[in-house]
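Chemist: Please work out how this folds:
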Amino acid sequence: MPINIPAKLPAAEILTGEGIFVMTDERASSQDIRPLKICILNIMPTKIVTETQLLRLLGNSPIQVEIVLLRPCGHESRNTSETHLEQFYKTFDEVRSERFDGMIITGAPVELMDFDEVDYWSELVEIMEWTKTNVYSTLHICWGAQAALYYHYGIEKIELKQKMFGVFEHYLENNSFQLTRGFDEVFYAPHSRHTGIDEAAVEANPKLEIVSRSDDAGIYIIYAKKGRQIFVTGHSKYDVDTLKKEYDRDVGRGLPINVPYNYYPDDDPNRTPVVRWRSHANLLFSNWLNYYVYQDTPFDLGQLVKAE
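Modeler: Residues are numbered from 1 along each chain as shown. You can find the predicted model right below:
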């Protein structure tokens with residue numbers, strides 16, 4: 001989908017160079033159509049990298065998408081300039097009266113903290129409750145998925161014995177969902193996390209449906225409320241070098257870290273990583289936009305009803 005973003009957003013130049021259809025505010029205003037309104041709550045520290053990764057996956061289709069970038073107002077970002085945040089991001093207070101076709105809640109490197117120890121947890125709880133009435137479909141990623149499963153369904157997160165780190169093989173547990181239409185029987189996705197979810201609690205909850213899992217990485221995609229809530233435990237949005245940067249960072253700090261699984265040829269960090277997840281990442285996001293946002297959301301967002 002052509003994504004409507006500010007012309008000066010760093011992602012605009014990067015994605016245009018990659019051939020992604022980016023539409024500036026000026027051109028979008030000349031088209032007499034209602035774009036899909038997508039809000040991205042970006043709680044990653046490297047906001048410019050994350051917004052570029054997500055916008056890359058949301059782009060390149062004939063339907064116009066209007067993007068609103070959101071940040072927690074009670075959290076000070078140490079990796080993104082205040083100028084960038086002030087220019088391109090809104091706070092929840094600025095959008096709480098609005099309604100959106102879709103929303104993405106990203107992960108954050110806070111998984112080893114208790115939820116209520118995270119400095120923006122109370123604001124995130126308010127936002128997650130607000131999505132039930134003001135967003136048609138919400139896609140939660142990694143820690144964002146763990147946080148939402150805990151808030152909405154009481155599913156606890158569990159600390160892993162060692163970091164889940166690499167590119168893992170996944171399969172469809174239920175192939176009836178349009179979310180994974182076109183997926184191969186076996187596909188790959190990156191994971192980078194120190195915690196997992198209580199899978200027995202997910203399996204026991206009749207309101208949650210498991211779409212996909214991995215024998216090594218566990219449950220990958222969970223579906224609820226007829227697609228109004230979707231939870232993805234991995235990072236299909238990752239760039240080819242994201243795991244490499246994480247690995248090199250931890251090695252440089254002298255931290256214990258394994259070579260990311262199934263990432264480097266012959267597990268040799270001196271060789272160029274192999275991308276195995278790009279096509280399914282694009283399918284996942286395009287299917288979400290098409291089947292759970294574009295085709296189901298009411299034309300008049302004022303008619304949006306609470307997700308039950």
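
Chemist: OK, contacts around residue 295?
Modeler: Residue 295 sits next to no residue when contact means C-beta atoms under 8 Å, 6 or more residues apart in numbering. The way it works is simple: take the backbone N, C-alpha and C, and place the C-beta from them, glycine included.

Chemist: separation between it and residue 198?
Modeler: Counting by C-beta to C-beta, to the nearest Å, the gap from residue 295 to residue 198 is 33 Å.

Chemist: Return the residues in contact with the nearest residue to residue 78 once chain neighbours are set aside.
Modeler: Spatial nearest neighbour of residue 78, chain neighbours left out: residue 45 (6.8 Å); criterion: C-beta to C-beta, 6 or more residues apart in numbering. Residues near residue 45 by C-beta under 8 Å, 6+ apart: 77-80, 108-109.

Chemist: remind me which residues of this structure are low pLDDT?
Modeler: Scanning the chain for pLDDT under 70 picks out the ranges 1-3, 5, 18-33, 60-62, 75.

Chemist: what about the helices in this protein?
Modeler: 10-17, 25-28, 47-58, 82-88, 92-95, 121-134, 143-153, 199-204, 242-252, 278-287 (DSSP state H).

Chemist: now these as JSON lines including mean neighbour count and distance to residue 38?
Modeler: As requested, the helices of the chain are arranged in JSON lines below (neighbours: other C-beta atoms under 10 Å; distance: least, C-beta to C-beta, whole Å):
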{"stretch": "helix 10-17", "mean neighbour count": "16", "distance to residue 38": "14"}
{"stretch": "helix 25-28", "mean neighbour count": "12", "distance to residue 38": "13"}
{"stretch": "helix 47-58", "mean neighbour count": "22", "distance to residue 38": "7"}
{"stretch": "helix 82-88", "mean neighbour count": "13", "distance to residue 38": "15"}
{"stretch": "helix 92-95", "mean neighbour count": "14", "distance to residue 38": "12"}
{"stretch": "helix 121-134", "mean neighbour count": "17", "distance to residue 38": "13"}
{"stretch": "helix 143-153", "mean neighbour count": "23", "distance to residue 38": "15"}
{"stretch": "helix 199-204", "mean neighbour count": "13", "distance to residue 38": "26"}
{"stretch": "helix 242-252", "mean neighbour count": "16", "distance to residue 38": "22"}
{"stretch": "helix 278-287", "mean neighbour count": "19", "distance to residue 38": "10"}
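
Chemist: Which among those helices is found nearest to residue 229?
Modeler: helix 143-153 (6.9 Å; C-beta to C-beta).

Chemist: Can you name every helix or strand that the closest one contacts?
Modeler: strand 100-105, helix 121-134, strand 135-141, strand 186-197, strand 218-224, strand 229-232 (3 or more C-beta pairs under 8 Å, 6 or more residues apart in numbering; DSSP states H and E).

Chemist: Show residues contacting that helix.
Modeler: Contacts of helix 143-153 (C-beta under 8 Å, 6+ apart): 41, 43, 105-111, 115, 124-125, 128-129, 138, 140, 155-157, 193, 195, 197, 201-202, 205, 207-208, 222, 224, 229, 231-233.

Chemist: mind listing what's buried in the top strand by length along the chain?
Modeler: In the chain, taking DSSP state E as the definition, the longest strand is strand 157-172. Neighbour-count burial for strand 157-172, counted by 16 or more other C-beta atoms under 10 Å, picks out 157, 163-168, 170, 172.

Chemist: Most widely separated two among those residues?
Modeler: Across those (C-beta to C-beta), the longest gap, 25.6 Å, separates 163 and 172.

Chemist: What's opposite the residue nearest to the spatial centre of the chain in the beta bridge?
Modeler: The chain has residue 141 as the residue nearest its centroid, 3.9 Å off, counting by C-alpha atoms, centre = their mean. Bridge pairing for residue 141 (DSSP bridges) gives the partners residue 232.

Chemist: got a list of what it touches?
Modeler: 104-107, 232, 235, 237.

Chemist: JSON lines for the residues you listed, including distance to residue 151 and neighbour count?
Modeler: As requested, the contacts of residue 141 are arranged in JSON lines below (distance: C-beta to C-beta, whole Å; neighbours: other C-beta atoms under 10 Å):
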{"residue": "104", "distance to residue 151": "16", "neighbour count": "26"}
{"residue": "105", "distance to residue 151": "11", "neighbour count": "27"}
{"residue": "106", "distance to residue 151": "16", "neighbour count": "23"}
{"residue": "107", "distance to residue 151": "15", "neighbour count": "24"}
{"residue": "232", "distance to residue 151": "16", "neighbour count": "25"}
{"residue": "235", "distance to residue 151": "21", "neighbour count": "23"}
{"residue": "237", "distance to residue 151": "22", "neighbour count": "27"}
